[in-house]
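Asker: sequence first, then the predicted structure:
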Amino acid sequence: MIHESQMHAMVLERPGELLKARKLPLPVAADGELLLKVQACGICRTDLHVVDGELTEPHLPLVPGHQIVGVVESVGKGVHGFHPGDLVGVPWLGGTCGECKYCLSGRENLCDLAVFTGYQRNGGFAEYCTANAGFCFMVPEGYPATQAAPLLCAGLIGYRSLRLAGAGKKVGLYGFGAAAHIVTQVALWEGRELYAFTREGDGDGQRFAREMGACWAGGASERPPVDLDAAIIFAPAGELVPAALRAVRKGGQVVCGGIHMSAIPSFPYDILWGERSLVSVANLTRQDGEEFLALAPRIPVRTEVTGFPLCQANEALAALREGLLEGAGVLVVDGA
Ligand SMILES: [Zn+2]
Ligand SMILES: [Zn+2]
């Protein structure tokens, strides 16, 4: 039995353990917040890093999930621009201080006091959640909740990574999952060529990359047929950094798109020499969100989604871990 002031949620009680199905009190929108009835919530590799304890500052017990699409149920005091019934997206960046040198210089993604959805505040692996309205986005027209959810992290982080990769035409993607399948659509629309690198021997992943429009797909240790202008690494494997540096031309960029990566092995300076650069992408700004969510329907970006019910969050995360998902995994919470 569930009381009407309760909700079902999947909860991380201790890192390293499975999520537990729990009944939690229905959250209430505080000043400046929205209460959302969750329709769908994407799963992301960052969720694995939280569950596994590789990200060490979760607010426990925690409802994970930071690619939330929900219907506004109620609005707190002082909220402007959102109304009950709106379909809204909630990303990883859940709040910033607004005052630090990063916030004041257009780099709120680096805010010293940022709070993150599904990490320091409860996320969308639940029937309801609250979110700071100032960090929510309207879901673009024409996107059902399930299709929109992966835009909110895979899409946004992929978009920011592509911007940091520069304007070069030949772009390599290491790890062809949720982010890469969205970036590919943006990059093709911009007239670029995509080179996809997957786990060794992952024929299905390579076929999927070619179906999405990659002009070449191979194993991560392979050299592509051309020198790349840039490479984006989405897989959390440090050994891909020297591999990607070797694949890019002089002056090329290597962008690490993940929040956590295993140790990068030492490498000879000559693969960085020639003004190659290596940079990480941290989080997102609200401007990234506004830009990308305006762009997505123009392309239009289509997400390939595998849906799971909320109660199968652990199975969904396991499938992501095993590399079994083609495109993005999404928890479908409210029959969306
Ligand atoms: Zn994410
Ligand atoms: Zn700040």
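Answerer: Nice, thanks for sending it over. Note that the coordinates shown come from a computational prediction; the quantities given were computed from them, not determined experimentally. Numbers count the residues shown, from 1 in each chain. Ligands and ions are numbered 1, 2, ... in the order given.

Asker: hey, let's count contacts and neighbours off CA atoms from now on
Answerer: Will do.

Asker: L324 should be in a helix, yeah?
Answerer: No. The assignment for L324 is coil, going by DSSP: H, G, I helix; E, B strand; the rest coil, so no helix is present there.

Asker: list the buried ones in stretch 16-23?
Answerer: Residues of stretch 16-23 classed as buried under the neighbour-count rule (16 or more other Cα atoms under 10 Å) are 18-23.

Asker: next, the distance between the ends of it.
Answerer: Distance between the two ends of stretch 16-23: 21 Å, counting by Cα to Cα, to the nearest Å.

Asker: what lies in contact with that stretch?
Answerer: Contacts with stretch 16-23, where a contact means Cα atoms under 8 Å, 6 or more residues apart in numbering, come from 2, 6-13, 51-53, 311, 313-314.

Asker: among those, which one lies nearest to ligand 2?
Answerer: G53 (24.9 Å; Cα to the ion).

Asker: pLDDT score for that closest one?
Answerer: Turning to G53, the model gives it a pLDDT of 96.

Asker: so what's it up against?
Answerer: G53 makes contacts with 15-16, as judged by Cα under 8 Å, 6+ apart.

Asker: the helices in this protein, which residues?
Answerer: Along the chain, the stretches classed as helices by DSSP state H are 45-52, 145-148, 154-164, 178-189, 203-212, 240-247, 286-295, 313-321.

Asker: need the residues of the chain near ligand 1, please.
Answerer: For the chain, the contact set with ligand 1 under Cα under 5 Å from the ion comprises 44, 153.

Asker: where does the chain dip in pLDDT?
Answerer: Within the chain, the stretches falling below the threshold (pLDDT under 70) are 1, 335-336.

Asker: do that again at 80, thanks
Answerer: Counting by pLDDT under 80, the chain shows low-confidence ranges at 1-3, 335-336.

Asker: which of the contacts of stretch 16-23 are buried, as a PyMOL select command?
Answerer: Applying 16+ other Cα under 10 Å to the contacts of stretch 16-23 leaves a buried subset, and the PyMOL line that selects it is:
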select buried, resi 6+7+8+9+10+11+12+13+51+311+313+314
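
Asker: so which pair among the contacts of stretch 16-23 is furthest apart in space?
Answerer: In the contacts of stretch 16-23, two members sit farther apart than any others by Cα to Cα. They are I2 and G53, at 30.5 Å.

Asker: tell me the spacing between A244 and C129.
Answerer: Counting by Cα to Cα, the gap between A244 and C129 amounts to 39 Å.

Asker: same question for C97.
Answerer: As judged by Cα to Cα, C97 and C129 stand 21 Å apart.

Asker: neighbour count: those two, which is higher?
Answerer: Neighbours per residue, other Cα atoms under 10 Å: of C97 and C129, the larger number sits with C129, 27 against 14.

Asker: and for that one, nearest residue in space, chain neighbours not counted?
Answerer: By the measure of Cα to Cα, 6 or more residues apart in numbering, the closest residue to C129 outside its immediate chain neighbours is L36, 5.4 Å from it.

Asker: neighbours of that neighbour, how many?
Answerer: Applying other Cα under 10 Å, we find 30 residues neighbouring L36.

Asker: adjust the sequence numbering to begin at 55 for everything that follows.
Answerer: Okay, residue one is now 55; in that scheme the one you just asked about reads as L90.

Asker: enumerate every residue touching it.
Answerer: 124-128, 182-185.

Asker: for those, pick the one with the most neighbours.
Answerer: G124 (31 neighbours).

Asker: residue contacts, it?
Answerer: With contacts taken as Cα under 8 Å, 6+ apart, G124 has the following neighbours: 90-94, 141-143, 199.

Asker: what does G160 give?
Answerer: If you count contacts by Cα under 8 Å, 6+ apart, G160 has them with T339.

Asker: check the gap between it and ligand 2 for me.
Answerer: The gap separating G160 from ligand 2 is 10 Å, by Cα to the ion, to the nearest Å.

Asker: kindly report the same for L385.
Answerer: Distance of L385 to ligand 2, given as Cα to the ion: 31 Å.

Asker: quick one: contacts for V92?
Answerer: Contacts were defined as Cα under 8 Å, 6+ apart; by that measure V92 touches 122-125, 178, 180-183, 387-388.

Asker: what number of residues lie near the closest residue to ligand 1 within the stretch 205-354 of the chain?
Answerer: Using Cα to the ion, the closest approach of the stretch 205-354 of the chain to ligand 1 is made by C207 at 4.5 Å. Burial measure for C207: 26 neighbouring residues, criterion other Cα under 10 Å.

Asker: that one touches P145, doesn't it?
Answerer: Yes. With contacts counted by Cα atoms under 8 Å, C207 reaches P145, the gap being 6.3 Å.
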